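K.L.:
sequence below, structure please.
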Amino acid sequence: MNKKPVLILLLSFLALMSVLQIATAATITSVTLDKTTYLAGQTGYVSVSVYNDKSEKIRITELSVSINYYYTDGTVYVQKFFTPTNMLPDEILAGETETYQVPISLPTNIAPGYTNPTVEAKTDLWHSQDERWTTSDRPTYQLKLYIESPYKQQYESSQEQLQEQTNANENLNTTMNMLAGTTIVFAALAGFLMFFVFTRRTRPVPQP
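P.N.:
Numbers count the residues shown, from 1 in each chain. Sure thing, here's the model as predicted:
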């Protein structure tokens with residue numbers, strides 16, 4: 001029996017298992033935005049939770065968010081945002097999860113609509129036998145980010161101002177009506193008092 005094909009198959013299987021092990025060293029379990037809706041020119045941050053499913057500790061060496069921008073003139077631009085350097089690298093023990101924040105900033109002339117930022121984490125795996133780090137996998141996660149139209153914002157703002165003006169006019173009319181009613185009441189009361197005093201004033205008694 002030729003053992004060479006069997007050996008090649010065995011080595012291929014071991015290599016595949018090794019790749020699969022590395023491919024699951026870390027998992028991005030949760031990604032959330034600090035706002036449900038963004039406006040052009042706004043800043044914010046993305047919260048990223050990374051889980052270590054290995055028996056050894058891992059470290060996060062880089063955490064980024066890539067956003068495809070579509071400008072109002074139709075051009076496309078890709079920008080990458082990173083976790084602050086004072087937060088990384090950071091170690092995650094086996095079976096534990098850590099959460100990080102990546103600040104983002106949108107350009108003032110970004111087109112409204114949905115875009116799909118991609119979150120990526122670069123990790124290293126610790127080998128306790130020879131006490132060294134080796135480059136591990138790069139888990140990714142894609143989310144949705146919505147940029148609201150400035151025209152919608154202007155429309156809603158104008159509607160709010162119109163509603164505030166309407167409320168102010170209604171309050172003014174109510175106040176004027178109350179003032180007019182109060183004036184009429186006081187005028188009637190004053191007239192009644194004057195009539196009462198005039199008809200009840202002391203008259204001279206005629207002499208016999």
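K.L.:
show me the helices in this structure, by range?
P.N.:
Counting by DSSP state H, the chain forms helices over residues 3-23, 150-200, given from the N-terminal end onward.
K.L.:
ranking these by mean pLDDT, which is last?
P.N.:
Within those, the stretch with the lowest mean pLDDT is helix 3-23, showing a mean of 50.
K.L.:
so what are the domain limits for the chain?
P.N.:
Segmentation of the chain into domains, based on automatic domain parsing, reads 25-148, 150-198.
K.L.:
any chance of the ones you listed in JSON lines, plus mean neighbour count?
P.N.:
(Glycine included, C-beta is placed from N, CA and C.) Conversion of the domains of the chain to JSON lines gives the following (neighbours: other C-beta atoms under 10 Å):
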{"stretch": "domain 25-148", "mean neighbour count": "15"}
{"stretch": "domain 150-198", "mean neighbour count": "10"}
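K.L.:
and the residue positioned nearest the centre of the chain, backbone torsions?
P.N.:
The geometric centre of the chain, computed from its C-alpha atoms, lies nearest to residue 35 (C-alpha atoms, centre = their mean), at 1.3 Å. Dihedral angles phi and psi of residue 35 (degrees, to the nearest 10) take the values phi -140, psi 150.
K.L.:
okay, how far is it across stretch 68-82, tip to tip?
P.N.:
The first and last residues of stretch 68-82 sit 15 Å apart, counting by C-alpha to C-alpha, to the nearest Å.
K.L.:
and for that stretch, what are the contacting residues?
P.N.:
Contacts with stretch 68-82, where a contact means C-beta atoms under 8 Å, 6 or more residues apart in numbering, come from 46, 62-67, 102-107, 109-111, 113, 115-117.
K.L.:
then stretch 135-149?
P.N.:
Looking at stretch 135-149 with C-beta under 8 Å, 6+ apart, the contacting residues turn out to be 22-28, 31, 33, 36-40, 46, 48, 50, 58, 67, 106, 110-125.
K.L.:
just stretch 96-108 next, same as before
P.N.:
With C-beta under 8 Å, 6+ apart as the test, stretch 96-108 has contacts from 29-30, 38-52, 60, 63-65, 67, 69, 71, 81-84, 87-88, 90, 92, 117, 119, 147.
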